[in-house]
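Asker: turn this into a structure:
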Amino acid sequence: MIASIRRTKSEDIIRSRLLIPESKRIKVKGISLDMAATMKLAATTLFPNARLVTDLFHVVKLVIEALQSIRIAYRWEAIEQENKEIERCRKRKDSFKPTHFSNGETRKELLARIRFLLFPMPPQLTENQKERARILFKEYSKLRNAHRLTIKFR
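Answerer: A predicted model of the protein is given here:
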């Protein structure tokens, strides 16, 4: 390892690493970095012979964020639907009673509580989490498919 760098501006990184003689910099064979363009620019400028590899942590993080964005979109949809139903009930002078799944949760609750369930691998889930996942994935096939792809990728 040549360096672990805290700064993020490519000019700062390049300036500080130019202190390493070029004869040593051209011997560097590989660099692991995040997906920041500044790091890529600095790495290719300073170490022209190095193979750049994006570290797995940052790639997996993006995949999980994409999965969460699907869940969040469904949650907002459920919130909007419930708000419309509440308004309809109010106009009819009825009381609103949300539908509950077999585990006792409403759609809105299910989509909120599933947040951390999407991170662990399936064998690590508790029985309650497995039941919640069964309900969720039955209701939301797009989320089920995205979760399967995330597990496969990991």
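Asker: show the backbone phi and psi for residue 106.
Answerer: Main-chain dihedrals, residue 106, degrees, to the nearest 10: phi -80, psi 170.
Asker: and it, how many neighbours?
Answerer: Using other CB atoms under 10 Å, residue 106 has 15 other residues around it. Backbone N, C-alpha and C define where each C-beta goes, glycine included.
Asker: so who does the residue nearest to it when sequence neighbours are not counted touch?
Answerer: In this structure, residue 106 finds its nearest non-sequential neighbour in residue 98, 4.3 Å apart by CB to CB, 6 or more residues apart in numbering. For residue 98, the contact set (CB atoms under 8 Å, 6 or more residues apart in numbering) comprises 82, 85, 106-108.
Asker: show me these that map onto helices.
Answerer: 82, 85, 107-108 (DSSP state H).
Asker: now the end-to-end length of stretch 89-107.
Answerer: 18 Å (CA to CA, to the nearest Å).
Asker: likewise for stretch 14-34?
Answerer: 17 Å.
Asker: cool, and stretch 21-35?
Answerer: Per CA to CA, stretch 21-35 runs 26 Å from first to last residue.
Asker: phi first, then psi, for the residue nearest to the spatial centre of the chain.
Answerer: The residue lying closest to the centre of the chain (CA atoms, centre = their mean) is residue 65, at 1.9 Å. Main-chain torsions, residue 65, degrees, to the nearest 10: phi -60, psi -40.
Asker: list the contacts of it.
Answerer: By CB under 8 Å, 6+ apart, the contact set of residue 65 is empty.
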